[in-house]
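A.B. asks: Quick one: sequence and predicted model below, then my questions.
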Amino acid sequence: MKVLLVNPGANSSTADVSEALRDGLEHHGVQVVHYRLDSRIDRSERWLYYNWRKAKKTQPTITKPTTADVFYQAGIDALATALRHEVDCVLVISAMYLHPDVIILMKRAGLRVAVVFTESPYDQAKEINVANMVDGCWTNERSVVSAFKAVNPHSGYLPHGWHPGRHMPGPQPGDETWPAHDVVFVGSAFHDRVTWLMEIDWEGIDLGLYGNWENVTARHPLRKFVRSGVVNNLGAAALYRRAKIGLNLYRLSTGWGRHSPLIAHAESLNPRAYELARCGAFSLSSYRAEVPEVFGDLVPTFRNSSEASRLIRQWLADDVGRARVQQHLPACVAESSWRNRATTVIGDLQTLLQAQAVA
């Protein structure tokens, strides 16, 4: 099977999913043609705005390029790439930054298009619109599969996972270059997370916050805990292995703003849960139904900041208890690598292609 893999256009967690799935597909013999939407978006933005500023000198009323213009130009060559390489199908990761017209034109050209959605239930409405356009799709949230099946019968649940080349238990070469925190969190500063962290008494605790925390200003009380910007999977894994506690805060809001609506319900594990466990890192987690289902009592959960405060101090004081738990965590997710997940994707794609060939 030959697949055009269109990466998500972002360079953080969704990009990690794309790279890990690519590794899984290639591991099982799939020929992958990689379309780097992220670098193309950057190049398209610079090219369009440069030419707009240049043209504006002689044409003052010329229309300024929009974000949609940038996404369209960045993505449209995926059509030509798919046709040039005569791929069996196009596999898009996330599709948040792929202009829908690109998918429409791919379908008109007779290409089979499938999407791995990574942002359910936060961006579910947008994902449902795309699901209605493609041949098949998967969602990362099990509780919303029925909503996807209502618009596309070839919809399924694809849990997140871990990357075999990046998430390993025990000390790894280079880990020592990263700080060893009492508590570490790698993620983005959504408003609900910021509010939650503000409710914890961090006195005497070395907290390390990594990721996108640009909206936490210099005078914000949490700013002193912000250690770095976005870190890659290897850096995050090192931080997890060296920390006493890895914190897993599930996002509640649908967007960045203070008044962004909250999600109604979610059950599935995020990538962080799998990565922490595979690295053998002790973690505390906000509650999701899959947490006790996968980990039992090995990952203590909390439903509010008071419970979290108690658990953080309890487990920081219990070195023996944390070590006992850590040795069991990798086994809990042993069958959840992206190489395992890739078998689901390959099988579903083969079924889809065979059914359409018969039709």
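C.D. replies: Cool, the structure landed.
A.B. asks: Just the helices from this structure, written as ranges.
C.D. replies: Listed in chain order, the helices of the chain (DSSP state H) span 13-27, 37-56, 67-84, 100-108, 124-131, 145-149, 191-198, 233-242, 271-278, 290-295, 305-316, 319-326, 329-332, 338-358.
A.B. asks: Put together CSV for those, with distance to Pro159, mean pLDDT and mean neighbour count on each row.
C.D. replies: Heads up, the C-betas are built off the backbone N, CA and C, glycines and all. Shown next, in CSV, are the helices of the chain (distance: least, CB to CB, whole Å; pLDDT from 0 to 100; neighbours: other CB atoms under 10 Å):
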stretch, distance to Pro159, mean pLDDT, mean neighbour count
helix 13-27, 11, 94, 22
helix 37-56, 24, 96, 16
helix 67-84, 26, 98, 18
helix 100-108, 24, 98, 17
helix 124-131, 16, 97, 19
helix 145-149, 11, 98, 16
helix 191-198, 22, 94, 17
helix 233-242, 17, 96, 22
helix 271-278, 8, 98, 26
helix 290-295, 8, 98, 18
helix 305-316, 25, 97, 16
helix 319-326, 22, 98, 13
helix 329-332, 13, 98, 17
helix 338-358, 7, 91, 16
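A.B. asks: per-domain residue ranges of this protein.
C.D. replies: 2-161+337-358, 175-332 (automatic domain parsing).
A.B. asks: Let me know which of the helices of the chain is the nearest to His259.
C.D. replies: helix 191-198 (8.5 Å; CB to CB).
A.B. asks: Mind listing residues that contact the closest one?
C.D. replies: Outside of helix 191-198, the residues within contact range by CB atoms under 8 Å, 6 or more residues apart in numbering are 185, 187, 209, 215-216, 221-222, 249, 251-253, 256-258, 260, 262, 305, 308.
A.B. asks: Next, the angle helix 305-316 makes with it.
C.D. replies: If you take axes from the mean of the first three to the mean of the last three CA atoms, to 10 degrees, helix 191-198 sits at 60 degrees to helix 305-316.
A.B. asks: I'd like the distance from helix 191-198 to the chain centre, please.
C.D. replies: 20 Å (CA atoms, centre = their mean, to the nearest Å).
A.B. asks: And stretch 247-264, by the same measure?
C.D. replies: For stretch 247-264, the distance to the chain centre is 15 Å (CA atoms, centre = their mean).
A.B. asks: list the buried ones in that stretch?
C.D. replies: Within stretch 247-264, the residues scored as buried using 16 or more other CB atoms under 10 Å are 247-254, 263.
A.B. asks: List the contacts of that stretch.
C.D. replies: Contacts with stretch 247-264, where a contact means CB under 8 Å, 6+ apart, come from 121-123, 183-185, 187, 190-193, 196-197, 215, 266, 270, 272-273, 276, 283-288, 299.
A.B. asks: Would you quantify the distance from the residue lying closest to Asn11 once chain neighbours are set aside to Val102?
C.D. replies: Leaving aside its chain neighbours, Asn11 sits nearest to Asp38 (5.4 Å; criterion: CB to CB, 6 or more residues apart in numbering). Distance, Asp38 to Val102, by CB to CB, to the nearest Å: 15 Å.
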